[in-house]
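Undergrad: structure here, sequence nowhere to be found:
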């Protein structure tokens, strides 16, 4: 089976997570400078089979699009053009950064490492992917 990849898109950095080949467990892959994201994805997909992409969709509490939403939608379009044979799914990411921060505080003892925004982006991508796997693959 192919992997599923989750992307927590940001203006500066983007967190990436992938499933195992059986599509059961989400694991953090990397945090990539957003300017280099498409090159990173192209390279990764040459080395590993990816079935679909799950992209975090930024929304406000009232369900309206967040300020960065148009940038994410532009990225989704680029992703679709780069990988026309792969499905791209949007998932609400409203609380993932907060959940990621809480998870990091509980599991990372070093205060300096907890402040690493790249770690928050990667953990956010893990949360997006794990929620997708739990809701759509095993519900």
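TA: Perfect, I can see it now. Predicted, not measured: the structure shown is a model, and the values here were computed from it.
Undergrad: can we go C-alpha only for contacts and neighbour counts from here?
TA: Noted.
Undergrad: neighbours of residue 85, how many?
TA: By other C-alpha atoms under 10 Å, the residues close to residue 85 number 10.
Undergrad: now swap in the one 3 residues further on and tell me
TA: Using other C-alpha under 10 Å as the criterion, residue 88 is surrounded by 19 other residues.
Undergrad: that one reaches residue 54, doesn't it?
TA: Yes. Residue 88 is within contact range of residue 54, at 5.9 Å (criterion: C-alpha atoms under 8 Å).
Undergrad: can you list the residue ranges for strands in this protein?
TA: Counting by DSSP state E, the chain has strands at residues 3-8, 13-19, 26-33, 50-57, 87-92.
Undergrad: need the residues that contact stretch 50-63.
TA: Residues from elsewhere that reach stretch 50-63, judged by C-alpha atoms under 8 Å, 6 or more residues apart in numbering: 2-9, 65-66, 68-69, 72, 76, 86-94, 125, 128-129, 132.
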